[in-house]
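# Need coordinates for the below:
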Amino acid sequence: MLVTPAQRLRELLAQPNVEIMPGCYDGLSAKLVANAGYKVMFMSGFAVSAARLGLPDTGLISFTEMLDSLRNCCSAAGKVPLIGDGDTGYGNALNVQRTVVEYARAGAAGVMIEDQVSPKKCGHTRGKQVISREEARMKIRAAVDARADADILIMARTDARAVHGFDEALARCRDFEAEGADIIFFEAPETEDEMRRFCGAMTKPCMANMVPGGKSPILPPAQLQDVGYKLALYPVMLLSSAVTAMQNTLAALRPGSTIAQPPAISFTDLQGVVGFPDYWSRETRYQAKD
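Okay, the predicted model is just below:
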């Protein structure tokens with residue numbers, strides 16, 4: 001019997017422990033997460049916008065660009081379930097439904113839909129605005145309705161904490177639960193007490209977003225589990241690490257530089273990471289014999 005990505009994610013969420021969820025942004029980063037043994041990953045809109053366009057996460061990247069990146073990430077992730085950042089759904093409630101269906105077709109186990117005004121902004125940066133509570137609820141209702149024809153989980157996100165305060169954000173999370181969302185994401189709570197109040201009020205699995213330098217306290221996984229979270233997202237740590245490594249390498253390559261070349265894997269190991277040995281092995285099966 002074929003086990004779908006969505007079913008793998010459901011089984012993971014049924015376990016008692018919190019799961020660490022690294023953020024990927026392309027095929028290579030998704031493959032590295034899978035090879036490292038993680039059980040779930042997240043395709044970050046911040047990271048995709050940065051890596052693909054070199055631009056900030058401010059709604060500049062399009063639905064088709066995100067969908068194309070998602071296909072690459074899902075393919076490279078193998079059997080590891082991946083949740084895709086669906087931003088605002090790229091339009092109204094009917095656009096949300098298309099996003100849900102197309103993300104499922106691309107291989108995503110889940111899709112995140114948020115309640116920001118378009119163009120959206122990264123959840124831990126300034127200038128956010130949110131749509132009305134009723135419109136936000138209707139978008140999640142549309143996503144859940146689309147789920148009936150697509151094997152995918154719906155993660156409902158609110159950014160209302162920064163705009164209207166904790167109580168309004170929690171009320172939206174309760175709306176999302178009532179509409180049938182599978183995972184609830186209260187973005188950017190500002191204290192551990194707020195995190196506990198949120199998780200304590202929910203009956204569905206909750207996700208924490210761990211962004212160093214962001215608005216939420218960074219708690220270790222064991223503490224996040226004690227608070228009540230099921231998923232702990234680290235959306236930009238791989239991207240941040242990659243940027244540091246590339247900047248250091250570029251500095252070391254400058255003529256006259258006295259900076260030591262940073263550590264790097266060998267070319268042979270790099271070939272292994274991207275799959276040359278497997279390719280060569282399979283290639284021999286189809287070579288014509290003289």
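# so where does the residue nearest to Ala77 when sequence neighbours are not counted fall, helix or strand?
The spatial neighbour of Ala77 that comes closest, neighbours along the chain excluded (C-beta to C-beta, 6 or more residues apart in numbering), is Ala30 at 4.6 Å. Yep, even glycine has a C-beta here, placed from its N, CA and C like the rest. In this structure, Ala30 sits in helix 27-35 according to DSSP states H and E.
# Please name the strands paired to the very next helix or strand once past that helix in the sheet, noting orientation.
Using DSSP H and E, the helix or strand that follows helix 27-35 in sequence is strand 41-43. Strand 41-43 has its sheet partners listed here by DSSP bridges as strand 19-24 (parallel), strand 82-85 (parallel).
# Just put these in JSON lines and tack on mean pLDDT.
As requested, these are exported to JSON lines (pLDDT from 0 to 100):
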{"stretch": "strand 19-24", "mean pLDDT": "98"}
{"stretch": "strand 82-85", "mean pLDDT": "98"}
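# Highest average neighbour count across these: which stretch is it?
Of all these, strand 82-85 has the most neighbours on average by mean count of other C-beta atoms under 10 Å, namely a mean of 29.
# Give me the contacts around that one.
If you take C-beta atoms under 8 Å, 6 or more residues apart in numbering as the criterion, strand 82-85 is touched by 5, 9, 21, 24, 30, 40-45, 48, 66, 70, 73-74, 103, 106-112, 153, 155, 183.
# which element follows that strand toward the C-terminus?
Counting by DSSP H and E, the element after strand 82-85 in chain order, helix or strand, is helix 93-106.
# Name the surrounding residues that touch that next one.
For helix 93-106, the surrounding residues in contact (C-beta under 8 Å, 6+ apart) are 6, 63, 67, 70-71, 74, 84, 86, 89-90, 111, 113, 138-139, 141-143, 145-147, 149-152, 154.
# I'd like to know which of those residues are buried.
Burial by neighbour count, 16 or more other C-beta atoms under 10 Å: within the contacts of helix 93-106 this picks out 6, 63, 67, 70-71, 74, 84, 86, 89-90, 111, 113, 138-139, 141-143, 145-147, 150, 152, 154.
# Just the ones of those residues in helices?
Counting by DSSP state H, the buried ones among the contacts of helix 93-106 place 6, 63, 67, 70-71, 74, 138-139, 141-143, 145-147 in helices.
# Out of these, flag the one nearest to Thr191.
Checking those against Thr191 by C-beta to C-beta gives Lys139 as the nearest, at 27.8 Å.
# residues of stretch 269-282 that come out buried?
Across stretch 269-282, burial judged by 16+ other C-beta under 10 Å covers no residue at all.
# okay, the closest residue to Leu55 other than its chain neighbours: pLDDT?
Closest residue to Leu55 apart from its sequence neighbours, by C-beta to C-beta, 6+ apart: Ser49 at 5.5 Å. Ser49 carries a pLDDT value of 97.
# Hmm, Ile61 and Ser49 touching each other?
Yes. Using C-beta atoms under 8 Å, Ser49 makes contact with Ile61 at a distance of 4.5 Å.
# Centroid-nearest residue for this structure?
The centroid of the chain falls nearest to Phe42 when counting by C-alpha atoms, centre = their mean (2.8 Å).
# Return the residues in contact with that one.
For Phe42, the contact set (C-beta under 8 Å, 6+ apart) comprises Met21, Pro22, Gly23, Cys24, Leu82, Ile83, Gly84, Asp85, Leu233, Pro235.
# Against Thr244, how distant is the last one?
As defined by C-beta to C-beta, to the nearest Å, Pro235 lies at a distance of 16 Å from Thr244.
# Compare those two (neighbour count), which wins?
Just comparing Pro235 and Thr244: by other C-beta atoms under 10 Å the higher neighbour count belongs to Pro235, 27 against 11.
# Spit out the contact partners of the residue nearest to the more buried one when sequence neighbours are not counted.
Excluding its sequence neighbours, the residue lying closest to Pro235 (C-beta to C-beta, 6+ apart) is Gly23, at 3.6 Å. Gly23 is in contact with 41-44, 46-47, 233-239, counting by C-beta under 8 Å, 6+ apart.
# For my notes, please list the residues you listed in a markdown table and give distance to Gly256 for each entry.
Output for the contacts of Gly23, formatted as a markdown table (distance: C-beta to C-beta, whole Å):
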| residue | distance to Gly256 |
| --- | --- |
| Met41 | 41 |
| Phe42 | 42 |
| Met43 | 40 |
| Ser44 | 37 |
| Phe46 | 35 |
| Ala47 | 33 |
| Leu233 | 42 |
| Tyr234 | 37 |
| Pro235 | 37 |
| Val236 | 33 |
| Met237 | 33 |
| Leu238 | 32 |
| Leu239 | 30 |
